[in-house]
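Novice: fold the following for me, if possible:
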Amino acid sequence: MKAAHPLRAMTAGEEPAVQRAARASSERVDVVKRARALLAVRAGQSYTQAAREAGYKSGDSVSQLVERFNQQGLAALHIAGGRGRKVRYTPVQREHILAQLQRVPERAHDGTATWSLKTLERALRQAGLPQLSATTIRTVLQEAGYRYSKSRTWCATGTALRVRDGERVIVHDPKTQEKNS
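Specialist: Got it, this is the predicted structure:
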């Protein structure tokens with residue numbers, strides 16, 4: 001039986017990348033499975049055999065994978081768009097979260113001298129984000145480059161406040177992105 005979507009020839013850059021992904025122990029399991037399935041089809045196995053070897057239940061999954069690979073190339077190894085939980089908060093609301101963090105809390109009004117996730121959550125809920133959770137706040141702050149420091153405050157990663165020659169200076173680490181990734 002002839003395959004509905006035969007695998008196209010891999011380019012010189014795609015083949016080593018797929019082989020690397022198939023044997024990488026640090027790669028996501030789903031990416032490794034897709035890479036192994038593609039290599040099995042490339043080796044001449046049927047979609048059913050390739051599915052069995054890669055850990056899929058049916059050859060239809062491999063057929064769809066091959067079709068995506070033919071169209072998208074290496075992007076077919078990764079999760080397709082539209083999967084996962086949808087973003088609930090808009091960029092404007094995320095900016096509001098960051099602005100609230102940068103505001104110095106008022107002890108009388110906010111009940112704290114420094115922001116924790118819970119006190120920040122309470123303040124943001126009062127400010128018009130009633131469904132906001134501490135987990136969402138943490139995610140937004142981490143995506144913006146903030147980390148919770150030992151001083152139990154949120155600070156921008158890669159920046160530090162130093163006193164030099166009697167005046168305060170904000171120092172930036174040029175390797176921040178490199179260290180975070």
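
Novice: which SSE is immediately downstream of the lowest-mean-pLDDT helix or strand in the chain?
Specialist: Of all the helices and strands that make up the chain, the one with the lowest confidence by mean pLDDT, DSSP states H and E is strand 154-156; it has a mean of 68. For strand 154-156, the following helix or strand on the C-terminal side (DSSP states H and E) is strand 159-164.

Novice: ok, then the element right after that next one?
Specialist: strand 167-172.

Novice: in that next one, what's buried?
Specialist: Of the residues in strand 167-172, none count as buried by neighbour count, 16 or more other CB atoms under 10 Å. Placement of C-beta: from N, CA and C, glycine included.

Novice: same question, stretch 16-28
Specialist: Within stretch 16-28, the residues scored as buried using 16+ other CB under 10 Å are 18-19, 21-22.

Novice: what does that stretch rub up against?
Specialist: 10, 31-32, 34-36, 38-39, 74, 77 (CB atoms under 8 Å, 6 or more residues apart in numbering).

Novice: now do 10 Å
Specialist: 10-11, 31-40, 42, 54, 69, 73-74, 76-79 (CB atoms under 10 Å, 6 or more residues apart in numbering).

Novice: equivalent analysis for stretch 75-88, please.
Specialist: For stretch 75-88, with CB under 10 Å, 6+ apart as the criterion, the contacting residues are 14, 17-18, 21-22, 27-28, 30-35, 37-38, 64-70, 72, 94, 129, 131-133, 136.

Novice: which ones are touching Tyr56?
Specialist: 33-34, 36-37, 47-48, 50, 62, 65.
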